[in-house]
Structure formats: structure tokens, C-alpha cells
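this is the structure alone, sequence omitted:
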């Protein structure tokens with residue numbers, strides 16, 4: 001089928017092959033037949049071929065090299081998906097000889113108009129670096145260029161490339177720090193995780209510790225009785241002046257806080273570790289609720305989250321105490337989850353809640369899961385050592401467990417009791433006797449060894465029982481485990497030193513058995529003990545100190561959490577999970593004593609605008625200078641350069657726009673760039689719009705000419721004609737990303753001179769072009785501003801336009817008394833002079849198409865500027881390429897003099913870049 005001359009057969013074959021890959025089957029044998037079709041003219045076949053090549057190019061490098069010229073040609077393809085796929089395949093061919101070609105391709109792709117291609121360029125940087133580390137300097141230049149990119153699609157990928165290639169080059173982040181903080185909410189989830197981890201490291205190097213404040217407050221909390229008021233005031237002043245959080249530090253914490261509500265567990269975990277490592281201790285508690293929420297996820301997520309909570313709960317118990325019930329074990333939990341929950345509950349134990357926890361632990365001990373039951377007994381032992389009030393209670397409970405039928409429970413109880421008795425052995429002679437009686441029934445080696453160690457260590461407190469225990473164990477010496485044999489030897493040695501009359505012969509018998517044991521550990525220990533305790537001619541000076549060596553006081557063991565030593569690893573990392581340093585792990589640095597210069601993060605707005613305009617490679621209209629950062633940041637960071645005249649003149653209008661513009665934003669783009677652009681556009685006053693009207697018209701004319709747009713207009717009967725040409729990118733996602741980058745590019749423009757000339761907005765000179773291009777989305781403003789409309793028989797053109805778009809009626813006489821949101825920025829489609837009195841304006845409403853899923857929604861406003869009626873305005877002739885569809889508007893029967901009406905139409909561009917022409 002792949003050799004067929006028909007595209008339909010090839011497409012079917014490629015779909016089957018990709019389906020095989022999706023099911024995990026090996027399709028590498030088909031590589032030669034597939035790679036022939038890489039030059040196919042059919043876009044669908046080409047896409048599937050590239051999907052296949054991305055999978056197998058690394059395995060079949062020699063065959064892939066034969067088609068390298070085709071991949072290079074595809075880098076110039078008009079379709080962004082093909083350009084990106086070609087770059088991905090090229091970077092997957094891991095042959096050193098094509099490194100220069102890859103380097104050139106990455107440089108070109110980094111300047112591509114499509115953010116999707118630039119994203120793939122960032123991915124290719126990491127592959128090229130792993131193939132040839134000598135290219136590091138050139139790749140850093142590309143990374144520096146891509147870090148300035150304002151597209152949210154690119155941000156995560158370029159930061160990942162930065163982390164792989166040059167994580168120590170913090171200076172590249174300075175100028176882009178605030179931008180990354182503001183874009184963070186709109187970056188894809190994978191990118192959010194990467195950026196947050198990078199910003200955590202950045203914060204630890206650029207800001208002073210927010211934790212010092214807590215220490216200072218504690219130091220000054222006590223007031224001396226004899227201290228004068230002046231001295232007290234001076235102390236208060238010191239406390240106040242000790243620490244003020246850097247505005248950029250606050251910006252990072254503020255912009256990551258909403259991500260705690262993310263549905264992606266990795267993002268929530270990343271924000272949690274950021275707050276843990278770089279937020280004031282008083283604010284770190286914010287993350288606890290979000291982490292507890294993640295415990296409803298699958299068991300793998302629970303495991304990682306619980307590990308991190310276990311580390312956190314050791315240092316700051318108060319964070320998770322309110323959520324203690326969330327850590328109660330469920331019967332359906334797997335053992336690994338149960339053990340971690342038990343660990344956290346033990347960490348959270350204190351005098352107030354210990355009684356509740358011990359009742360909970362009593363239930364856990366009866367669990368069918370023996371490993372979990374053993375872990376519970378260890379937890380009870382830890383609670384007993386940490387909280388002295390319940391030590392006796394826990395010890396009595398553990399002794400009761402010694403009569404349990406289950407050997408594992410009994411064995412673990414013995415081990416824990418042994419550790420507890422070491423802390424206060426004087427009072428527990430009865431417990432040691434009770435355990436000696438159990439020795440005949442217990443078979444678990446660790447438990448038997450623990451009992452023998454206890455009897456040997458405290459043999460002077462049980463002088464009658466200890467020799468008898470040695471007698472019994474000497475009988476079974478040859479059948480015991482190595483661990484138990486060593487403890488029998490120790491017991492015999494200690495009894496020989498303290499009660500040699502009764503046990504001398506017995507000890508020598510045990511030593512003889514050990515001399516010929518199969519284990520060399522036992523044989524070595526036997527020889528060592530014999531030379532040390534049995535005096536003879538060859539014994540050295542050490543035999544005099546045998547008692548001091550064997551009967552020395554042993555320190556009591558510390559029962560600590562196994563997570564205590566994990567806090568030096570960054571939370572949420574693989575190294576923290578494994579408790580060992582993983583390859584590629586980057587350590588968090590300590591807080592600097594003095595904060596580095598914060599001015600390095602100040603951005604020159606004019607420069608960044610020039611660079612970005614250069615990247616896009618096309619002339620754009622001048623827009624007034626606006627700060628890139630959000631308004632909440634502007635309020636805090638007033639030291640940065642701002643335009644005071646704009647903030648003063650537009651302060652009231654800003655408030656209204658924010659309140660009423662929010663409802664309209666829901667139908668348009670949901671990204672933060674679009675919303676910030678909305679705010680900056682709404683700040684403009686009418687005077688500023690008119691002052692740069694001439695500039696706008698000139699720049700628009702240049703743009704139209706550059707794109708080769710032709711103008712058509714004709715007149716027939718009582719209706720004027722015009723041709724409307726529209727262009728659309730091949731996919732909705734592409735048009736969104738293009739428009740997003742276009743809108744973003746206007747955020748940091750150089751300031752234009754603001755002339756205060758009073759002119760009506762309607763008199764602004766607009767370009768005399770009649771073509772509507774969807775690629776020119778930066779020319780259309782989605783911003784809406786509220787206009788209070790009084791009751792009137794005939795409405796103004798703009799109000800009627802908006803109402804017409806909402807109601808889809810052809811009536812132009814409507815009574816309205818409510819507030820209506822009206823598009824403020826439209827573009828002239830037909831000038832009244834060219835149309836002999838009939839003027840037309842258009843705009844893209846950016847609303848979901850009501851004519852169909854694939855229809856682009858266009859609103860056209862027609863105005864009669866003559867003193868006579870114009871009748872029967874309709875679409876007469878359509879010139880549409882094959883496959884393209886158009887939903888016409890209803891004919892306008894009559895348009896009164898000075899009247900205006902808005903009609904809605906839909907165009908399906910069929911994923912092509914061809915224009916749709918029609919005549920009015």
C-alpha cells in the first residue's frame with residue numbers, strides 16, 4: 001500500500017502503521033518504505049510519516065541520513081507542524097557529522113513566527129547538547145534569545161533547555177525573571193513544574209532568608225523589667241527594620257499561589273516545595289491543605305506526596321496537625337501507603353493527641369498485613385520514647401502483645417521492648433523474667449537474639465534465670481541462626497565474667513561448639529572471646545580488662561524517623577524520594593547574607609520591544625507604552641519606570657473597565673497575556689487614539705501592501721459592491737498561538753508622544769483596504785468597554801452593531817436602557833468615498849462560531865452616510881476555493897440615511913491559507 005500511486009491507500013497504510021506503534025508493536029522493518037513518502041505532497045501523509053520518523057529515526061540513523069535533504073527542505077515548509085516535525089526528526093538523528101546542520105536549523109527555528117516551532121527548537125537544544133557538548137556557547141546564545149520569548153508555549157521548554165545546558169548561568173534569568181513569574185499561570189503544566197523548580201533555585205541565590213525574621217522576633221520577645229521606654233522603642237525599631245521582603249520575592253510567591261489549585265499533582269507539589277524552601281515560615285502552612293487534597297489521587301501520587309509530608313512534619317508539626325484524620329489508615333491502602341501514613345502520625349504525636357493515636361494504633365496492630373503491624377509496634381515504641389507521660393502505658397501494651405499468636409508481632413514487640421528497657425532498666429526486672437519464659441515459644445531469630453541480649457546485659461538483676469537460659473540455648477546451639485549463636489556466645493561470656501562458678505564449664509562447652517561452626521563469623525568470635533576471657537600464657541594485657549570491655553554501659557538507642565536525614569534534599573525531587581543523590585540533581589544553595597543588586601531584574605522596555613519586533617520580522621502598529629507586568633505588581637514596585645500621566649488620566653476608567661470587562665473576557669481568549677493586553681488597551685483615552693491615527697493608518701497600509709492584498713469594488717443598481725478577502729491559518733490552535741504572540745508583542749512598546757488634541761474618534765482616518773485577514777489578529781482589538789446607552793428610537797452605529805451581533809435580527813430600531821459592551825476598535829473595510837456613501841467596518845468578535853464548529857465568526861457593520869435610502873444590500877457573487885464554505889448574512893432590505901446596521905456571517909477556511917472573496 002505504501003508503494004501505491006493513490007494517496008488514499010498510502011494514508012490508510014500510514015494510519016495502520018501509526019496504530020501498530022501506538023499498541024507497542026515493532027514497525028522498524030517498514031522504515032525504508034515509509035521514508036520514501038517523506039516528500040509526499042499530501043499534508044496528512046506527510047504528518048504521519050514524520051510521526052513514524054520521530055519514533056524510529058534514532059534506531060535507523062543510516063537510512064534517515066539518506067533523506068536529510070528532504071528534512072532540510074521541510075524546515076522551510078509553510079505548515080508549522082511540518083517545520084516542527086522536520087526539526088524533531090533532524091535532532092533525533094544522533095550522528096556527529098550533521099551537528100552543523102542541526103545547529104543552523106535550531107538557529108533558524110528560534111526565529112520562526114510560529115511559537116510551536118520555537119518550542120521544538122528549545123527541545124532540540126537539549127538533544128544537540130547531549131550529542132556535542134562543545135556547542136555549549138552557541139546554544140547558550142539561542143537559549144538567551146528564546147528566554148526573551150513572550151509566548152507561554154515556549155517558556156517551559158526553553159527553561160528546561162536552560163536547566164540542561166547551563167543551569168549555573170543565573171545572569172540569563174535576571175531580565176526575564178518578572179516575565180516568567182507573570183506568564184507562569186498560563187504555561188502548560190509540564191512547563192510550570194520546570195519553571196517553578198528553576199525559580200526556587202533562583203530565589204535561594206538572589207534574595208535574603210525570610211526565616212531570619214522569626215528568629216529576630218523570638219530574640220527580642222522578652223522585655224527586661226528595668227528597661228527604659230527608649231531602649232524598648234529602639235529594639236522595636238530593630239525588629240521592624242531587620243527584614244523587608246524583596247518585591248520580586250513577593251511577586252514569585254503571589255503568582256505561584258493560585259497554582260496550588262491546579263489539577264496536576266506535579267504542579268501542586270512544585271509550588272509546595274517552593275513555599276517550603278523560600279517562603280516565610282508563617283506562609284508555608286498554605287500548602288498543607290493542597291497537599292492533603294492530593295491524597296485522593298492514585299497510589300503512586302499518594303506515595304510521593306506522603307514522603308514529602310513525612311519530611312515536612314518532622315520540622316513543622318503545626319502545618320499538618322489540623323488534618324491528622326486525613327492520615328488515618330484505610331483497609332484498602334497498600335502497605336507502602338499505610339507505612340508512610342503511620343510515619344506521619346508518629347511525627348504528629350504530642351501530649352494532646354497521643355491518647356487518640358494509641359487507640360488508632362491498637363487497631364492497626366490487629367491488621368492482617370503483618371509488615372504493617374510490625375511497623376505499628378515500632379511507631380508505638382517511638383511514641384513511648386518521645387512522650388515520657390505514656391512510656392509506661394506503651395510498655396505495658398507491648399508486653400501484652402507478647403502473648404499474641406502471631407510470631408512477627410511478638411518478635412517486633414520484643415525488639416521494641418528491648419530498646420525501651422535500655423532507657424530505664426532498673427524498674428523492669430519483671431518484664432525481663434517474663435520475656436525469658438517466652439524464649440521457648442519464640443522462633444523468630446531477631447526476637448530470640450534480643451531476649452538473649454537483654455538477659456546477658458542485665459544478668460546481675462536475674463541471677464537465677466540467666467544460667468538456666470544459657471543451659472537451654474547450649475542444647476540447641478547447632479540448630480540456631482547465626483544471629484542467635486552470636487548472642488549465645490555473648491551471654492556465656494558475660495555470665496563467665498560475673499558468675500564463673502555456675503557457668504564456667506557451660507561457657508567452655510559453648511566456645512568449643514563455636515570453634516568448629518560452619519560460619520567463619522562464629523569461629524572468629526569464638527577465638528577472640530576465648531583469648532580475652534580464659535587466662536593462659538599466651539593471653540595478652542587485654543584479658544585484665546575483659547569485664548570493662550563486655551560489661552560496659554551501653555548508650556540507649558535513639559528511635560528516630562527514617563525521614564530525618566532527607567531534609568537536605570530538595571522536596572519533590574528524585575533524590576529526596578530515593579534518599580540518595582541522583583544524576584543531574586542540583587543542590588539548593590544557602591541564602592545569601594546580603595541580597596544581590598535587585599536592579600539587574602529591571603527591564604528596558606524600549607529595547608525588548610525592538611528585539612521582539614525584529615524576531616517577528618513584520619511591521620506592527622505603534623501602541624502606547626505600557627508596563628509588561630501586572631497592575632498588582634505595579635502598585636508594589638513603584639520604583640520601576642512608569643508613565644504617571646497615563647495612570648492619572650485613566651485611573652477612574654480602569655476601575656470601570658475591570659468591573660464590566662470581565663464578563664466579555666470569558667467569551668474570548670482566556671490567557672493572561674490577552675487580559676493584560678485588554679487592560680492596557682482600555683487605559684487609552686480618546687485623545688491618545690486620535691493623536692496617533694495617522695501613524696496607525698500608514699503602518700496598516702504598509703502591512704497590507706506587504707501581504708499583497710488586492711482591492712476590489714464595484715457598483716450595481718442601488719447597492720454598492722466590495723470584495724472581502726479573508727485568510728485563516730490551518731488550525732484553530734495555530735491562530736490562537738499566533739494571535740497570542742502578536743498581542744504580547746504590543747505590551748512593551750516604546751512610548752509614543754501623547755498630543756492632547758480633541759478630535760472625535762469617528763473622524764480617525766482608516767486604511768482604504770477591503771480585505772479581512774485572520775493572520776492580522778494583532779490589528780483587531782478584542783477589548784470591550786462599557787457604554788451607557790440612553791433610550792432612543794435610532795441607536796448609534798456602534799451600539800446597533802453590538803446588539804445586532806447578539807440578537808441576529810435585521811432591525812435597526814431597538815429600545816435599550818441597559819448598559820451594553822461595545823467593541824471599541826474596528827477596522828475600515830470600505831471607505832465612504834470608495835463605496836459612494838456606503839461605508840463598512842468589520843471585526844472578529846473572538847466568540848465561538850454560532851454557525852458551526854469550523855466557522856470563523858465575523859461581524860460587519862454597514863453604515864449609510866448619504867441622505868438617501870439604500871435598499872437590498874446582500875452578497876451577490878462569491879469566489880471561494882474548493883472546500884471553503886460561507887454562511888451568508890440575511891439581506892438588508894433598507895438602510896435609512898445616517899443609519900447603521902451590523903450583520904454576522906461565518907466562514908469555514910477549511911484549514912487553508914487561501915482567501916475567500918465575495919461581492920456586496
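Good, I have the coordinates. Keep in mind that what you see is a predicted model, and the values were worked out from it rather than measured. Numbers count the residues shown, from 1 in each chain.

under a three-state scheme, what state does residue 839 occupy?
Here residue 839 is recorded as strand under DSSP: H, G, I helix; E, B strand; the rest coil.

kindly apply the preceding question to residue 58 instead.
coil.

state the pLDDT value of it.
With respect to pLDDT, residue 58 scores 76.

quick one, helices of the stretch 51-200 of the chain?
Per DSSP state H, counting those that start in this stretch, the stretch 51-200 of the chain carries helices over the ranges 61-66, 68-74, 80-92, 99-109, 115-131, 136-147, 152-165, 171-174, 177-183, 189-206.

redo those helices as TSV? Include mean neighbour count, distance to residue 315 and mean pLDDT.
For glycine as for every other residue, the C-beta is placed from the backbone atoms N, C-alpha and C. TSV is the format used below for the helices of the stretch 51-200 of the chain (neighbours: other Cβ atoms under 10 Å; distance: least, Cβ to Cβ, whole Å; pLDDT from 0 to 100):
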stretch	mean neighbour count	distance to residue 315	mean pLDDT
helix 61-66	15	51	76
helix 68-74	17	53	84
helix 80-92	23	44	89
helix 99-109	18	44	92
helix 115-131	22	35	93
helix 136-147	18	35	93
helix 152-165	24	27	93
helix 171-174	16	29	91
helix 177-183	22	27	92
helix 189-206	21	17	93
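
what about residue 331, which SS state?
Secondary structure for residue 331, judged by three-state DSSP, is coil.

low-confidence ranges in the stretch 701-850 of the chain?
Within the stretch 701-850 of the chain, the segments meeting pLDDT under 70 span 701-824, 848-849.

coming back round to it: possible to save the helices of the stretch 51-200 of the chain as JSON lines with distance to residue 467?
Shown next, in JSON lines, are the helices of the stretch 51-200 of the chain (distance: least, Cβ to Cβ, whole Å):
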{"stretch": "helix 61-66", "distance to residue 467": "77"}
{"stretch": "helix 68-74", "distance to residue 467": "86"}
{"stretch": "helix 80-92", "distance to residue 467": "76"}
{"stretch": "helix 99-109", "distance to residue 467": "80"}
{"stretch": "helix 115-131", "distance to residue 467": "70"}
{"stretch": "helix 136-147", "distance to residue 467": "74"}
{"stretch": "helix 152-165", "distance to residue 467": "67"}
{"stretch": "helix 171-174", "distance to residue 467": "74"}
{"stretch": "helix 177-183", "distance to residue 467": "75"}
{"stretch": "helix 189-206", "distance to residue 467": "63"}
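
for residue 409, find the nearest of those helices.
Closest approach to residue 409 among the helices of the stretch 51-200 of the chain (Cβ to Cβ): helix 189-206, 42.4 Å.

now for the closest one, which elements pack on it?
Secondary-structure packing of helix 189-206 (3 or more Cβ pairs under 8 Å, 6 or more residues apart in numbering; DSSP states H and E): helix 152-165, helix 177-183, helix 247-256, helix 265-278.

try 6 Å this time
Counting contacts by 3 or more Cβ pairs under 6 Å, 6 or more residues apart in numbering; DSSP states H and E, helix 189-206 is packed against helix 152-165, helix 265-278.

quick one: the ones you listed as TSV, columns for distance to residue 333 too.
Formatted as TSV, the helices and strands packed on helix 189-206 follow (distance: least, Cβ to Cβ, whole Å):
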stretch	distance to residue 333
helix 152-165	34
helix 265-278	17
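
before I go, just wanted to say thanks for your time.
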